[in-house]
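> Generate coordinates for the sequence data below:
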Amino acid sequence: MPPRPRFDRRAPVRELPNINDRISYPKLRVVDSDGTQLGVITREEALEVAKDRELDLVLVSEKADPPVCRIMDYGKFKFEQEKKAKEAKKKSHQTEIKEVKMRYKIDQHDYQVRIGHAVRFLKAGDKVKCTVIFRGREIQHTALAETLLLRMANDLEEQAEIQQAPKREGRNMIMFLTPRRTPLIKKDKEESTPKRAIRTITAPPRPKASKLISKANADKP
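Purely as a prediction, here's the structure:
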């Protein structure tokens with residue numbers, strides 16, 4: 001039996017940045033902190049310039065001929081790079097599939113709990129797999145399960161779109177919802193409510209009061 005490998009207690013090797021004295025190239029193309037080209041100078045001259053400005057000499061491009069260095073505040077540069085990396089990590093969200101399980105005979109309270117879970121998943125940018133589980137002879141009621149899933153899709157229409165319609169898989173019926181990309185536009189109440197019928201037949205004009213009075217006086221004996 002081969003001997004067990006011994007645990008290596010040594011600290012992992014850290015890759016140190018190529019700055020200042022760690023730069024070993026004799027000739028360097030140097031760029032000043034304000035972007036001015038200092039041309040090709042020796043390593044010692046470049047270090048002296050960086051020291052006079054109280055900054056660091058940082059190797060930017062090792063493959064260039066000669067290698068390119070820049071004079072900068074390396075601590076500040078490193079802080080800004082780490083800050084940008086953290087912001088990019090926050091913005092990048094890996095979409096996951098969250099599942100919501102239920103029975104087709106679910107009561108109203110449990111149904112609202114499932115709706116709340118689905119809303120939370122959708123707002124986080126994840127897809128939701130809605131699953132109705134059949135047990136025993138419940139497999140005969142696939143139509144009721146489909147109705148329940150479509151009801152859930154309708155209740156979540158402001159947050160989600162149907163990616164896959166209800167479909168039976170084995171002893172389950174599933175439906176996939178994805179976060180809605182475009183906001184749902186609902187019709188205004190004025191458009192939804194029926195308008196009153198407009199009267200198109202015009203009534204005959206009423207006679208003026210002066211004519212009625214003169215006619216009444218003419219009819220008197």
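
> Using the three-state scheme, assign E157.
Secondary structure for E157, judged by DSSP: H, G, I helix; E, B strand; the rest coil, is coil.

> Domains in the chain, by residue range?
Following automatic domain parsing, one finds the domains of the chain at 20-86, 97-179.

> Reformat these as a markdown table; add mean pLDDT and mean neighbour count.
C-beta coordinates here come from the backbone N, C-alpha and C atoms, glycine included. As requested, the domains of the chain are exported to a markdown table (pLDDT from 0 to 100; neighbours: other Cβ atoms under 10 Å):
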| stretch | mean pLDDT | mean neighbour count |
| --- | --- | --- |
| domain 20-86 | 90 | 14 |
| domain 97-179 | 92 | 16 |
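
> and the longest helix along the chain, what other elements does it pack with?
The single longest helix within the chain, with elements called by DSSP state H, is helix 74-91. Contacts defined by 3 or more Cβ pairs under 8 Å, 6 or more residues apart in numbering; DSSP states H and E place helix 74-91 against strand 56-61.

> chain center to the next helix or strand after the strand it packs on, what's the gap?
Proceeding N to C from strand 56-61, the next assigned helix or strand is strand 68-72, under DSSP states H and E. Remark: strand 68-72 is offset 38 Å from the chain centroid, using Cα atoms, centre = their mean, to the nearest Å.

> Would you check how far apart the residue most central in space within the chain and R114 are?
In the chain, the centroid-proximal residue (Cα atoms, centre = their mean) is G125; its distance is 5.2 Å. In this view, G125 and R114 are 19 Å apart by Cβ to Cβ, to the nearest Å.

> Using CSV, write out every CA atom in the longest helix of the chain.
Taking Å, rounded to 0.1, in the frame of the first residue of the first chain, the C-alpha atoms of helix 74-91 are listed here in CSV:
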residue,chain,number,x,y,z
TYR,A,74,0.1,51.4,-7.5
GLY,A,75,-1.8,51.3,-4.2
LYS,A,76,-4.5,53.6,-5.6
PHE,A,77,-4.5,51.7,-8.9
LYS,A,78,-5.0,48.3,-7.2
PHE,A,79,-7.8,49.7,-5.0
GLU,A,80,-9.7,51.0,-8.1
GLN,A,81,-9.3,47.7,-9.9
GLU,A,82,-10.7,45.8,-7.0
LYS,A,83,-13.6,48.2,-6.7
LYS,A,84,-14.4,47.8,-10.4
ALA,A,85,-14.3,44.0,-10.0
LYS,A,86,-16.7,44.0,-7.1
GLU,A,87,-19.2,46.2,-8.9
ALA,A,88,-19.0,44.0,-12.0
LYS,A,89,-19.6,40.9,-9.8
LYS,A,90,-22.7,42.6,-8.2
LYS,A,91,-24.2,43.4,-11.6
